[in-house]
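[1] Structure of the sequence below:
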Amino acid sequence: MKHTMRKLRVVAIGVTLLLFVMAGLAPKSAEAQDLAEFEKRITEFTLDNGLKFLVLERHEAPVISFHIYADVGAVDEVKGITGLAHLFEHMAFKGTKTVGTKDYEAEATAMAKIDELFLALKTERRKGERADKVRLEHLQNQFKEAQEEAQEYLVHDEYEEAFSREGSSGFNAGTGQDVTQYIVSLPSNKIELWMSMESDRFLNPVLREFYKEKDVVMEERRLITESQPVGRLLEEFLAIAYKAHPYGEPIVGHMSDLETLTRSEAEAFFKKYYLPSNLTVAIVGDVNPQEVIELARKYFNRIPGGPKPDPVETVEPPQLGQRRVTVQDPAQPFVLIGYHKPSINHPDNAVFDAITEIVGIGRTSRLYKSLVKEKKIAVAASGFPGMPGNKYPSLFLFYAVPARGRTNQECEEAIYAEIEKLKNEPVLPEELEKAKTRSRASLIRQLASNSGLASQLTFYEVVTGDWRNLFKQLDDIDRVTAEDIQRVAKKYFTTKNQTVGIIDTTPTEN
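    Modelled structure (predicted):
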């Protein structure tokens, strides 16, 4: 499953314009002209229940990409239910009241019994040392038997197989701090199948095998976070970088929360956040917009509406000084430096993108050339924005992996030296132009596929309020100046606004 779903891309700029843009030679009004052409091929409509559709015709091949963007992620959780949004990624393919079951009524009775026994186990475990061990063992045996009974009614993988039999590709789901997404591509004559199946997913969801999937997620946490030094560092790093905003909580969730989550808590979370007003659908490919409208009204209008949930209102307060965290581990040393920055909707967003290209991307970036090629103190070094999300103010990260025999301190000081250059020395015109060209090209390359285009449309529509801002991003990149880079570096890359995390391989005494 994919966890980090970052901004993607958009469409059809014609070969000539694409080459001009990638070469940094696009005429000043090119993006505006292309937006006008693009708007002619896109159809927007919103159902009575609040579900918005973006439909783009691309008839080059008889395929369609479908992208459902749920405006909910780990950032919307509260203490006690962390990891729940990610768990829905695992539950995405479990089916509905009609798909994935041999006898739903009997299965529902079996699942209710599982829920009852889990609550009894949870109550007994709360007693700690006073828990009745005999009763605990008896409840655990009953719980296992109830799960085995529920398995008798399951039709495993029926949901996914219904698509795969019809030629699907890219069938997946992903969760991030800001979003949960469901994606698939199908032959263009299977649009009604998608409408029927996906609307049923939100109308009649069944969280079957809930407790088994919790076990899977807990094992995932052990493998990705608890058994990986960098995973542990990232969790500790974010926890001190954010003392108020939920960006500081791990997407995978805390183990104690995962152990105690109930199916009823998950159902309540689903009802609050996975309603039509909080969903946006992009359909891109060989499609007839009028057919989409008719089928959407037939299938998705069945889902009851409701008000869109409020966004996170907690604001991370300004830091009062540098924060540091050290993870002791005999593995590879590692340096991570983060600075708080505004969300993607801030006017300086394109400036951070330009800084990323100059400092952090590829073998020609300043960090790589300085730390890896010239000083030879690191085997890897980079920098990038948008950690851990984009919807709310996040972090710009710098990191380095020290070379054998070199230290975290050497790499940390070398990163600071490059940051000071950004503040005190204007970037050269050719360096800035190269960064702009690469940044534009990166954005435009994401327009090549139906799936990438659908992802980008939904991202910009939901996070910035209008899919058209995708084209505005190209203009914003062009307007970045050397003075902008100096100003932003001086304003945000300060010691007071800084969080540092390192993996220290020095042996410690017990």
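
[2] As a quick check, tell me the outermost residue of this structure.
    Distance to the chain centre peaks in the chain at Val134, reaching 43.7 Å (criterion: CA atoms, centre = their mean).

[3] For Gln140, see how far away that one is.
    The gap separating Val134 from Gln140 is 11 Å, by CB to CB, to the nearest Å. C-beta: built from backbone N, CA, C; applies to glycine.

[4] for stretch 83-93, the distance to its chain's centre please.
    Relative to the centre of its chain, stretch 83-93 is centred 13 Å away, using CA atoms, centre = their mean, to the nearest Å.

[5] actually stretch 242-255, not the one I typed
    Distance of stretch 242-255 from its chain centroid, counting by CA atoms, centre = their mean, is 14 Å.

[6] returning to what we had before: with just CA atoms, put the helix or strand where the residue farthest from the centre of the chain lies into CSV.
    Val134 is part of helix 133-151 when elements are defined by DSSP states H and E. Output of helix 133-151 as CSV, limited to C-alpha atoms (Å, rounded to 0.1, in the frame of the first residue of the first chain):
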residue,chain,number,x,y,z
LYS,A,133,-5.8,-14.7,34.0
VAL,A,134,-8.2,-17.6,33.7
ARG,A,135,-10.9,-15.3,32.4
LEU,A,136,-8.5,-13.6,30.0
GLU,A,137,-7.5,-17.0,28.5
HIS,A,138,-11.2,-18.0,28.2
LEU,A,139,-12.1,-14.7,26.5
GLN,A,140,-9.2,-15.0,24.1
ASN,A,141,-10.2,-18.5,23.1
GLN,A,142,-13.8,-17.3,22.6
PHE,A,143,-12.6,-14.3,20.5
LYS,A,144,-10.5,-16.6,18.3
GLU,A,145,-13.4,-19.0,17.8
ALA,A,146,-15.8,-16.1,16.9
GLN,A,147,-13.3,-14.8,14.3
GLU,A,148,-13.1,-18.3,12.8
GLU,A,149,-16.9,-18.5,12.6
ALA,A,150,-17.1,-15.1,10.8
GLN,A,151,-14.5,-16.4,8.3
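
[7] Return the following helix or strand past that helix as PDB; C-alpha atoms alone will do.
    The first helix or strand that comes after helix 133-151 along the chain, using DSSP H and E, is helix 158-164. C-alpha atoms of helix 158-164 as PDB (Å, rounded to 0.1, in the frame of the first residue of the first chain):
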ATOM      1  CA  GLU A 158     -14.200 -10.600  -4.200                       C
ATOM      2  CA  TYR A 159     -14.100  -6.800  -4.500                       C
ATOM      3  CA  GLU A 160     -10.700  -6.600  -6.100                       C
ATOM      4  CA  GLU A 161     -11.400  -9.700  -8.400                       C
ATOM      5  CA  ALA A 162     -14.500  -8.100  -9.700                       C
ATOM      6  CA  PHE A 163     -12.300  -5.300 -11.200                       C
ATOM      7  CA  SER A 164      -9.400  -7.500 -12.200                       C
END
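
[8] So for Pro317, what's the nearest residue that isn't a sequence neighbour?
    Ala244 (6.2 Å; CB to CB, 6 or more residues apart in numbering).

[9] and what of Lys391?
    In space, Lys391 is closest to Asp178, 4.1 Å off (CB to CB, 6+ apart).

[10] That neighbour belongs to a strand?
    No - counting by DSSP: H, G, I helix; E, B strand; the rest coil, Asp178 falls outside a strand, being coil.

[11] ok, it touching Ala85?
    No - using CB atoms under 8 Å, Asp178 is not in contact with Ala85, being 9.8 Å away.

[12] who's in contact with the residue farthest from the centre of the chain?
    Taking CB atoms under 8 Å, 6 or more residues apart in numbering, we find Val134 in contact with no residue.

[13] Which parts of this protein are strands?
    For the chain, strands defined by DSSP state E occupy the ranges 42-46, 52-57, 63-70, 169-175, 180-187, 279-285, 323-328, 334-341, 378-387, 394-402, 498-504.

[14] what's the neighbour count on Lys375?
    16 (other CB atoms under 10 Å).

[15] State the distance from it to Gly501.
    For Lys375, the distance to Gly501 - CB to CB - is 22 Å.

[16] do Leu233 as well
    5 Å.

[17] neighbour-wise, which of these two wins?
    Gly501 (27 against 22).

[18] My guess is that one contacts Leu336. True?
    Yes - applying CB under 8 Å as the test, Gly501 and Leu336 come out as touching, 4.2 Å apart.

[19] which residues do these two both contact?
    With CB under 8 Å, 6+ apart, Gly501 and Leu336 have common neighbours Leu233, Leu234, Phe237.

[20] The first one reaches Arg324, doesn't it?
    Yep, that's Leu233 we're talking about. No - if you go by CB under 8 Å, Leu233 and Arg324 don't touch, sitting 11.8 Å apart.

[21] Sketch out the low-pLDDT regions of the chain for me.
    Scanning the chain for pLDDT under 70 picks out 1-34, 508-510.

[22] that older thread, going by distance to Phe163, which of the shared contacts of Gly501 and Leu336 wins?
    Leu234 (33.8 Å; CB to CB).

[23] What about the closest one, how many residues nearby?
    21.

[24] ok, it - contacts?
    Shown in contact with Leu234 (CB under 8 Å, 6+ apart): Thr225, Leu336, Gly501.
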